[in-house]
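please work out how this folds:
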Amino acid sequence: MRRENSLMSCRNLVRLIFASTVCIEIFKVLYLHSKIQDNSAEVVDHPLISTTKNLRQERRGEERKGDRDRIPVFYNLFVKHKRDISRVTDIVSEQKALLQPYHKPFFIQSMGAVQLNISDAIFLEHRPKGTEILTLHSLWNFCRDNKQVEKVVYLHPKGSFHPSELNENLRKFLTAGALSEECASVDDACNVCSSRFSPLPNPHTPGNMWLARCDYIRQLIDPIDFEQDMNSFQSSCMKRDTPWCDGRGRHSAEHWVHSHPSVKPCDLYKNPKYVWNYEGVPPNGSLVDKELAPAPRFDLMQYILPDVCPLNGLFLDQRLYEYWELYGSNPDQSWWGWNYLKTNRSFILLGEKRFEYLSRAKDCWKMTTKNGTVVRTNH
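Numbers count the residues shown, from 1 in each chain. A predicted model of the protein is given here:
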């Protein structure tokens, strides 16, 4: 009997010691976990905590990698009349057919007479009136709030407002570039990629569809403020009746993404027959003849359209003045324009014709007030 009691006492003692040991270990785990949670400067290793911590880090790493692998698309959707619903829906379907698995989420800023029912999309909002500035503003805010996202795409259904063969061809041409594998794979050497970049009459992608790196987008002015800033410029380089030449008014939306001095544009279309505007867009918007390259890829003279915005964008000081007024800074030595833009008014050879632009426009100068100093510069 005494032996049985002794055995039971021993067993109870073993259980008590085991339970105490478990409690102590649990207490250690909880204590050390709280130290890690509180971001303690003291580094403490424990097998359980280290494993849990590593699993969490791996999970967070996978989430961040997933965000980097995804390229959100921001789509500016406009429907003018209810009778346009079928036609615009077909345009959206045409463009969405080019999306790759990594092009997600697909955000839509809807405007106009009606909000379409688009599958596999996230509607930001619908407004009866508005411009693409609203969608660009959402894209800009997204990049600022989601620093783990590397790239974004901007698209719109060009031709939804003015249906034409020219707009249809340009829309297909631009969409193919913005959603291309080449643009999706750009590294730090390029921060804005599109089918075509043009330095004239202002740096822009004609038609305004592109992929951009979010770390670059975060440096830009809010698109809403950008339009106001461009409209406030006072310069004889800018003619009040030609806002499309300078990137003012509603045309500021097209100029915005290339407006910063740190822009590193690249484009895809190898054929110099199309440089900007509409002339030379390949039939049916075909982008077969493509190769990713830094832009501008052609000589400056090839971008001149003699009957559209002569002189605009040709001169170095005009571009530098705009950078300074918008961002208060100058480009670094890697900027595309230093040895590219003109510093004097020489005769311009274009094909077999000579155009003396000096006789076709007034001297272009910039007047601005910086620290109370009025500056006037002639080319």
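
middle-most residue in this structure, spatially?
For the chain, the residue nearest the mean C-alpha position is Ala212 (3.2 Å; CA atoms, centre = their mean).

give me every residue that touches it.
Each residue near Ala212 by CB atoms under 8 Å, 6 or more residues apart in numbering is listed here: Lys151, Val152, Tyr154, Asn191, Val192, Cys193, Val257. Placement of C-beta: from N, CA and C, glycine included.

A strand includes the third one, no?
Yes. Secondary structure of Tyr154, determined by DSSP: H, G, I helix; E, B strand; the rest coil: located in a strand.

hey, what's it bridged with?
Phe74, Trp210 (DSSP bridges).

measure it to Pro261 for me?
Distance of Tyr154 to Pro261, given as CB to CB, to the nearest Å: 21 Å.

out of those two, which sits in the more crowded spot?
Set Tyr154 next to Pro261 and count neighbours by other CB atoms under 10 Å: Tyr154 wins out with 24 against 19.

what's the neighbour count on Trp256?
Neighbours around Trp256, by other CB under 10 Å: 25.

sorry, that was for Gln109
24.

repeat that for Ser185.
12.

that older thread, confirm the residue nearest to the centre of the chain sits in a strand?
Yes. Under three-state DSSP, Ala212 falls within a strand.

quick check, pLDDT for it.
On pLDDT, Ala212 comes in at 98.

could you measure from it over to Gln219?
For Ala212 relative to Gln219 (CB to CB), the value is 11 Å.

does Cys309 really touch Thr242, like I thought?
Yes. At 6.6 Å, Cys309 counts as touching Thr242 under the criterion of CB atoms under 8 Å.

neighbour-wise, which of these two wins?
More crowded of Cys309 and Thr242, by other CB under 10 Å: Cys309, with 20 against 14.

which residues sit in contact with the more buried one?
Neighbours of Cys309 in contact, by CB under 8 Å, 6+ apart: Leu200, Pro201, Thr242, Trp244, Cys245.

can you tell me the SS state at it?
coil.

how much space between it and His204?
11 Å.

same check, this time on Val153
17 Å.

tell me which of those two has more neighbours.
The neighbour count for Val153 versus His204, taken as other CB under 10 Å, is higher for His204 (27 against 23).

surely the more buried one meets Ser198?
Yes. Counting by CB under 8 Å, His204 does reach Ser198; the two are 6.1 Å apart.

verify the stated contact: Ala295 with Leu268.
No. Counting by CB under 8 Å, Ala295 does not reach Leu268; the two are 9.2 Å apart.

okay, now Pro101: neighbour count?
Pro101 - counted by other CB under 10 Å - has 7 other residues nearby.

checking it next. Helix, strand or coil?
coil.

just to revisit the earlier point, okay if I get the contacts of Cys309 as TSV plus distance to Pro331 and pLDDT?
Formatted as TSV, the contacts of Cys309 follow (distance: CB to CB, whole Å; pLDDT from 0 to 100):
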residue	distance to Pro331	pLDDT
Leu200	17	95
Pro201	19	94
Thr242	25	80
Trp244	24	83
Cys245	22	89
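
of those residues, which pair is most distant in space?
Pairwise distances across the contacts of Cys309 peak at 13.2 Å for Leu200 and Thr242 (criterion: CB to CB).

give the buried residues for the helix or strand harbouring Glu94.
Using DSSP states H and E, Glu94 falls within helix 85-96. Residues Val88, Ile91, Val92, Gln95, Lys96 are the ones in helix 85-96 that count as buried (16 or more other CB atoms under 10 Å).

what's the second one in contact with, if anything?
Spelled out, that is Ile91. Here Ile91 is in contact with Pro157, Gly159, Ser160, Arg171 (CB under 8 Å, 6+ apart).

report the contact partners of the last one.
This means Arg171. Taking CB under 8 Å, 6+ apart, one finds Ile91, Gln95, Pro157, Lys158, Gly159, Gly207, Met209, Gly285 in contact with Arg171.

any idea how far the first one is from Pro157?
With distances defined as CB to CB, the gap from Ile91 to Pro157 amounts to 4 Å.

go on, the last one?
Plainly put, Gly285 is 13 Å away from Pro157 if you go by CB to CB.

between these two, point out the one with more neighbours.
Pro157 (23 against 17).

the helices in the stretch 151-300 of the chain, which residues?
165-178, 181-184, 214-217, 223-232, 243-246, 252-256 (DSSP state H, counting those that start in this stretch).

pick out the shakiest of those helices, pLDDT-wise.
helix 243-246 (a mean of 86).

tally of neighbours for Asp187?
7.

my bad, should have said Leu179
The number of residues packed near Leu179 is 22, by other CB under 10 Å.

ok, and the closest non-adjacent residue to it?
Leu98 (4.6 Å; CB to CB, 6 or more residues apart in numbering).

helix or strand for the one you found, which one?
Using DSSP H and E, no helix or strand contains Leu98.

Tyr278 touches Glu168, doesn't it?
No. Assessed by CB under 8 Å, Tyr278 is found out of contact with Glu168, at 11.2 Å.

so between those two, which is more surrounded?
Between Tyr278 and Glu168, counted using other CB under 10 Å, Glu168 has the larger neighbour count: 17 against 14.
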